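> Sequence and computational prediction follow.
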Amino acid sequence: MRYPWRMVILSVVLIVAAMVPAHAVLFSISAASPSAVAVSPADILAPGPAGGPPIVRVPFPALGLLPGDDIDALSIGPFTLPSLPFFSVDPASVGLPFGPPDVASEAAAGQAAGDIFVDPSVGLAPPPGINTLALDQSALGLMPPDDLDALDMDGKNTLHPARPILFSLTPGSPTLGVIGAGPEDILVTSLVAPVPGVWMPGAAMGLVPGDDVDAFLWWASQGIPYFSLAPGSPSLLATGFSPADVFAVGVGAFGFGPSIGSLSLLPTDNVDAFSGNPSLVPEPSSLALFGLGLFGLVAWRRRRRAA
């Protein structure tokens, strides 16, 4: 009786992999990434050839940024439609095993940090959810142990000179000192007016100085920012939340978006890039059939655990 469920898992992986166009992806990498010798961690990048390096889509001077800056969250918008959650993790993350290719199997191979994953079960099945590989790092022009730490999955539609580019910077980035901001603040710039400024202060999201927003998505139609925090952020230490959690915030208060339960991650893991792609929303009929299969899969997993 195991074979049909393995086929369901395989179908999930194949459906999602077939849906993801690499040309829609914009991203940035951490300063510790080997590919940072060829591109800046403050550049907005696009997928490059296998073996690297990735292509510089927007060089950091065109954003009004300085040498030594490091983008660690990115949302070019406004993002208005529902989507599956796409994410990446940091090099220390190991994930919960679900079935290859997932965070757990990619982490065991030492390359999860440069990959993009998706949870196709969000909204269809209760936690524990699943995750599966959406784009391998080789399709992005990255190599182990590169760390993709900022992500926008709708880049082919949203990178327009008049659109605001929302982002955050890692602690110690020179631009933060120049404009009097912190790593908990969401910054804004554009290609026609490349002068960074504070778009949403961390306090408006319930954050405190010293927090580090390391993943961000502005969902304009809901008026809600979704974000994750880096390990060591004071708000995580004070609340007991995890850097693997993604938060949805109203005004000055935490609330959950997709969490460690639905992304099939461990509390010690870290979501360091998060996005959506409205072009990948399934048709309603496909979504219903997809949901039935996933509900059955979750029920089967629970029965196995209870046995």
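All right, it came through fine.
> Report the separation between the two terminal residues of stretch 172-191.
With CA to CA, to the nearest Å as the measure, the first residue of stretch 172-191 is 24 Å from its last.
> Just the buried residues of that stretch, please?
Neighbour-count burial for stretch 172-191 flags 173, 175-176, 181-190 (criterion: 16 or more other CB atoms under 10 Å). Glycine gets a C-beta too; all of them are placed from N, C-alpha and C.
> Please identify the one among those residues that lies nearest to residue 227.
Top of the list for closeness to residue 227, among the buried residues of stretch 172-191 and by CB to CB, is residue 186 at 8.0 Å.
> Quick check: the closest one vs residue 143, distance?
Using CB to CB, to the nearest Å, we find residue 186 at a distance of 30 Å from residue 143.
> same thing with residue 267?
When distance is defined by CB to CB, residue 267 is 29 Å away from residue 143.
> what about the residue nearest to the spatial centre of the chain, which SS state?
Among the residues of the chain, residue 274 comes closest to the average C-alpha position under CA atoms, centre = their mean, at 1.8 Å. Per DSSP: H, G, I helix; E, B strand; the rest coil, the local secondary structure of residue 274 is strand.
> That one pairs with what?
residue 87 (DSSP bridges).
> What pLDDT is listed against residue 18?
In the prediction, the pLDDT value recorded for residue 18 is 51.
> correction: residue 219
Reading off the per-residue confidence, residue 219 sits at a pLDDT of 77.
> my guess is residue 178 contacts residue 64, does it?
No - the pair residue 178 and residue 64 does not pass the contact test of CB atoms under 8 Å, sitting 9.8 Å apart.
> where exactly do the strands run in the stretch 1-150 of the chain?
Per DSSP state E, counting those that start in this stretch, the stretch 1-150 of the chain has strands spanning 26-29, 44-46, 55-58, 71-76, 86-89, 116-118, 132-135, 148-152. These are given in chain order.
> Residue 163: which of these is closest?
Minimum separation from residue 163 across the strands of the stretch 1-150 of the chain (CB to CB) falls at strand 71-76, 6.0 Å.
> Can you spell out which helices and strands pack onto that closest one?
strand 26-29, strand 148-152, strand 165-169, strand 213-219, strand 271-275 (3 or more CB pairs under 8 Å, 6 or more residues apart in numbering; DSSP states H and E).
> try 7 Å this time
Packing contacts for strand 71-76, counted by 3 or more CB pairs under 7 Å, 6 or more residues apart in numbering; DSSP states H and E, involve strand 26-29, strand 148-152, strand 165-169, strand 213-219.
> could those go into a markdown table alongside distance to residue 225 and mean neighbour count?
As requested, those are arranged in a markdown table below (distance: least, CB to CB, whole Å; neighbours: other CB atoms under 10 Å):
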| stretch | distance to residue 225 | mean neighbour count |
| --- | --- | --- |
| strand 26-29 | 18 | 28 |
| strand 148-152 | 14 | 29 |
| strand 165-169 | 9 | 27 |
| strand 213-219 | 6 | 26 |
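> Take those strands and lay them out in a markdown table including distance to residue 120.
As requested, these are arranged in a markdown table below (distance: least, CB to CB, whole Å):
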| stretch | distance to residue 120 |
| --- | --- |
| strand 26-29 | 20 |
| strand 148-152 | 17 |
| strand 165-169 | 26 |
| strand 213-219 | 17 |
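> before we move on, back to that, sitting in strands, which of the buried residues of stretch 172-191 do you find?
Among the buried residues of stretch 172-191, the ones falling in strands (DSSP state E) are 186, 187, 188, 189.
> From residue 201, how far out is the third one?
For residue 188, the distance to residue 201 (CB to CB) stands at 12 Å.
> repeat for residue 112
With distances defined as CB to CB, the gap from residue 112 to residue 201 amounts to 32 Å.
> So for the nearest residue to residue 216 once chain neighbours are set aside, what's the pLDDT?
Among residues not flanking residue 216 along the chain, residue 73 sits closest, at 3.8 Å (CB to CB, 6 or more residues apart in numbering). You'll see residue 73 listed with a pLDDT of 97.
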